[in-house]
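J.: Just the structure for this:
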Amino acid sequence: MGATDSKLAFRKTVFRLYEDKDIPTNKDEFWSSFWNLPESVDDIFSLIGANDIRRIRDSSKVNLETLIDKVLDKMKTILSAKNFPSEQHSINHLLNCCRIMTRLMPFIFESTECLQWEESFFWAPRQQEKETRTVDNKPEYEILPCRAESLLTMTIQALYLAGFTLPISAATEESKVVYTIWENGVGSSVVPISTSKDAESNRTEVLRLLTVLLSKSMYTAPAQLLSEENFWLRFIATKLEKKVLLVILCSLINTVCNYDPTGWMPYTYVLSGSKEQLVSFSLACLLALLDYRSPQQADMIRQVDSGSSPTSAEFPVTNIEVITLESPDVAVVPKTSVELEVFSPQDQASPSTSVDNAFRHYVSKLHRPKDFEFLTKGLYRILVNPMTAVNTYLPGSTKRVGCFIEVMMFCWRLLEINSRFKDYLVENDQVLDLTVALVFHATENKNNLAQVGLVRMCAFMLQTLSSSKGYCTKLNQPFATHSSLPSIIRLYAFNGTYADFLIISIFSLIASTRGLLSSLYPALVLTITNISPYAKNLGVTTASKLMGLFHSMSSPGFLLNEEHNHLLGGYLLEAFNNIIHHQYSENPNFVYSMILHHDYFEKLDKLTFGAAVTEAERLRSLRESKEGKGTNPGSKETDKQERGSSEEEANKPQEEEESNLRKEEEQAQTTAESSSANDDGSSGTIFVSKTGFTPTEEWFETWKSKLPLVSILKLLESLVPSIEEKCKDSNITLEEIKAYLSTVSTTDILTEGNPIFIRKFQWGEALFIWFRSMLWGHNYVSTMKDYGPWNGTHVKLFQIKQG
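T.: Sure thing, here's the model as predicted:
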């Protein structure tokens, strides 16, 4: 449609859809113009406007129904044509059919008034009169699949159509639709089929349509998200033939994991940009399918969630087992060779045929080491790409891909769904590289409100990994390549283990964001708690940061600010107990740091509610007086200096900030001590924190009496006097003191048992909703520039803020 006249003619055709209320179905020339005239995706998206679609939808629904039926009929004809591609059944015809449905469906999904119509039009069974009649000349009818199932089925068929998304040589005598895995990897080790740029482009367009068909969740309010069935997703997740399902699953996974954004030469990405679009839509479909849960399963998860403590996003206690429900939708057919080899481990019985989501089911059955190696290398290659792009000697030589966020989501899903993959990953040294990549993404985006979801996911993945003993013990390896890291995460004068690097990085995330990441404190602190029973040879800086973090999180101002803040201090105490009970002799630096800061623990032990309130009020008054004096001229400059260079922010200013914080808190602690000495433990005033929380003495005593301080205080009571005595000798060195501490037997001191309690990441209702919101929100934003199918529609799952 290059000529202006052709564009104008098509535009007039669009106008007629809402101006002429009932265009006859037999006007073939009119209806065929929708796939004959447009020459590109730009024609469809620019010449069929959002307001046009809404007017057709709201005032000329009959024409909309006819257009959809005509498009579906044309797709069916093309897919079954023996002579495809041809002038009569051309590639552009099929592309335009996909583009039209991609353009229309988001505006159908967005309309609340169209809900009943959508259900009846797309999901009601259809009947068609047969050409033959009965003996008494009465018409006979055959039942046809509903339109939605036909559209979804044909969309999948288009992904495996010879001459379109596969080489023409792949066709068989029986059909042009050939279900063969696109690329080598999971489920396929044969010579890969040759793929042209045009075939990849066509796959991208069809996957864009499939993604749109699965995107109904975008137009569902969060409160209804888990209770409303998504029929489009359910059909793909539960009703596909096994062979088709496995080919789709392997094709999507392999397309993602084979993607190399850098190539073998610098700047090669300049010559190719379409591949990332294909990878992005492959990830979008894959993640949407793995995320599907029926309302029945969601109800059971909600019941489990309501019976436990706050969710993992806040204060996790145990992990939730994935529950599958009875569902006869997955066909019982003999297993294919792919399924037998790839998805059925020898040590397990045959997989249940009644599953809530067949995609999740088969992902959970992956077990071959070579598949896990392929997945690990492919996912890490993309996850580390942004870090590589900012850490190169040739500026701009490495393309920074945008799909790393979806890859991180997929990696997290794999860890959740497939326990064997998690076991493989934590036994592999590449899990240490993954840890560094997660720290990089969290640190790079910690002050970016638009990417807080990415930072949250990094924190949750770290907590997920830390629940494995194998991972925790691997962290004790020396971090020999630390000096080659990008400056944003490189630590000043660092010479330690991966555990040191992780703990210091977590401290940096908390200390340098001034409360912006407060919702992630539990996941970050629990990561430290989980690795603590296995941490060895923690460095001096690491021990100092742990003491600084504990000092902040045990201060009255922090404890009284939120109802659950006391748990964070409790988790740190639990970590310290783990170290002194299980790794005492291996951590002289940490033990010595505890001795130096013994007053932190003693003050917390003696803290009363009245003293805590007095101190919190004093700190509030101090803060208000500082704000009242006004530091406007210098405040912006101060902020700039504090944000300074990334490396400095992660190290020296952080220490200065910690030092200033300690001075203020020590001043406050002195006030608290004097108040405690003259206070009966109660306060006559009502304290309301800046968050609106009103602490009470009963609440305070409930958790205060349960803090695990006994072992720590007993150890300090034994060690502090002896170390003070040794320090009177001016000739004694620090190394001699630490050597002495390593030889001290704690058997008679630490008499209480200290079982290791690992807190696994726990999925809850709020997190399911958050993950789906993040998934579709990212899909929305990442496609906005390239003919975004959801642009201009009224989404309900998340809010769009214009920058």
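
J.: What distance separates the opening and closing residues of stretch 409-427?
T.: Distance across stretch 409-427, first residue to last, is 21 Å (Cα to Cα, to the nearest Å).

J.: Could you list the buried residues of that stretch?
T.: Across stretch 409-427, burial judged by 16 or more other Cβ atoms under 10 Å covers 409-418, 420-422, 424-426. For every residue, glycine as well, the C-beta is placed using N, CA and C.

J.: Please apply the same query to stretch 184-204.
T.: 184-188, 193, 195, 199-204.

J.: Tell me which entries of the residues you listed lie within strands.
T.: With DSSP state E as the criterion, strands contain none of the buried residues of stretch 184-204.

J.: residue ranges of the strands in this structure, please?
T.: According to DSSP E, the strands that the chain contains are 126-133, 139-144.

J.: I'd like to check the angle between the longest one and strand 139-144, please.
T.: What separates the directions of strand 126-133 and strand 139-144 is an angle of 140 degrees, with axes from the mean of the first three to the mean of the last three Cα atoms, to 10 degrees.

J.: Please name every helix or strand in contact with strand 126-133.
T.: strand 139-144 (3 or more Cβ pairs under 8 Å, 6 or more residues apart in numbering; DSSP states H and E).

J.: one step back: got the strands of the chain as JSON lines, with distance to Trp763 and mean pLDDT columns?
T.: As requested, these are exported to JSON lines (distance: least, Cβ to Cβ, whole Å; pLDDT from 0 to 100):
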{"stretch": "strand 126-133", "distance to Trp763": "39", "mean pLDDT": "75"}
{"stretch": "strand 139-144", "distance to Trp763": "40", "mean pLDDT": "81"}
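
J.: Those: which one's closest to Gly764?
T.: Closest to Gly764 of these, according to Cβ to Cβ: strand 126-133, at 41.0 Å.

J.: mind listing what the closest one pairs with, with the direction of each?
T.: On the basis of DSSP bridges, the sheet neighbours of strand 126-133 come out as strand 139-144 (antiparallel).

J.: tell me how far the partner strand is from the chain's mean position?
T.: Put simply, strand 139-144 sits 47 Å off its chain's centre (Cα atoms, centre = their mean, to the nearest Å).

J.: follow-up on the earlier one: and the strands of the chain as JSON lines, adding mean neighbour count and distance to Lys796?
T.: Formatted as JSON lines, the strands of the chain follow (neighbours: other Cβ atoms under 10 Å; distance: least, Cβ to Cβ, whole Å):
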{"stretch": "strand 126-133", "mean neighbour count": "10", "distance to Lys796": "30"}
{"stretch": "strand 139-144", "mean neighbour count": "10", "distance to Lys796": "32"}
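
J.: Those strands into JSON lines, with extra columns for distance to Gly539?
T.: Shown next, in JSON lines, are these (distance: least, Cβ to Cβ, whole Å):
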{"stretch": "strand 126-133", "distance to Gly539": "70"}
{"stretch": "strand 139-144", "distance to Gly539": "70"}
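
J.: for the buried residues of stretch 184-204, which one is nearest Thr793?
T.: Nearest member of the buried residues of stretch 184-204 to Thr793, counting by Cβ to Cβ, is Thr204, at 20.7 Å.

J.: Which residue, other than its chain neighbours, is closest to the closest one?
T.: Leu278 (4.6 Å; Cβ to Cβ, 6 or more residues apart in numbering).

J.: Once you drop chain neighbours, what's closest to Leu226?
T.: Leu226's closest residue in space is Ala298 (Cβ to Cβ, 6+ apart), at 3.8 Å.

J.: do the same with Ala199
T.: In space, Ala199 is closest to Thr165, 5.5 Å off (Cβ to Cβ, 6+ apart).

J.: Read off the pLDDT value for that neighbour.
T.: Predicted confidence (pLDDT) for Thr165: 96.

J.: quick one: it and Gln157 touch, right?
T.: No - Thr165 lies out of contact with Gln157 (Cβ atoms under 8 Å); the separation is 9.7 Å.

J.: who's more crowded, those two?
T.: Neighbours were counted for Thr165 and for Gln157 using other Cβ atoms under 10 Å; Thr165 has more, 27 against 23.

J.: can you pull out the helices in the stretch 351-500 of the chain?
T.: Secondary structure of the stretch 351-500 of the chain (DSSP state H, counting those that start in this stretch): helices at 358-364, 369-383, 385-389, 404-417, 419-427, 430-444, 452-466, 469-474, 498-511.

J.: and the last one, what does it pack onto?
T.: Helix 498-511 sits against helix 430-444, helix 521-531, helix 540-553, helix 652-678, with contacts defined as 3+ Cβ pairs under 8 Å, 6+ apart.

J.: tell me the mean pLDDT over the last one?
T.: Same thing as helix 652-678. Helix 652-678 shows an average pLDDT of 46 in the prediction.

J.: Then stretch 775-788?
T.: For stretch 775-788, the per-residue pLDDT averages 91.

J.: re the thing from before, ok, the buried residues of stretch 184-204 vs Tyr571, which is closest?
T.: Val186 (38.2 Å).

J.: Just the local confidence number for the closest one, please.
T.: Reading off the model, Val186 has pLDDT 93.

J.: let's number from 588 now, not from 1
T.: In the new numbering, first residue 588, that becomes Val773.

J.: residue closest to the middle of this structure?
T.: Met996 (3.8 Å; Cα atoms, centre = their mean).

J.: okay but it is in contact with Leu874, surely?
T.: Yes - at 5.5 Å, Met996 counts as touching Leu874 under the criterion of Cβ under 8 Å.

J.: anything in contact with each of the two?
T.: Shared contacts of Met996 and Leu874 (Cβ atoms under 8 Å, 6 or more residues apart in numbering): Leu1362.

J.: list the contacts for the residue of the chain most remote from its centre?
T.: Farthest-out residue of the chain from its mean C-alpha position, per Cα atoms, centre = their mean: Asp723, at 63.2 Å. Shown in contact with Asp723 (Cβ under 8 Å, 6+ apart): no residues.

J.: distance of it from Ile730?
T.: For Asp723, the distance to Ile730 (Cβ to Cβ, to the nearest Å) stands at 22 Å.

J.: No further queries at this time; thank you.
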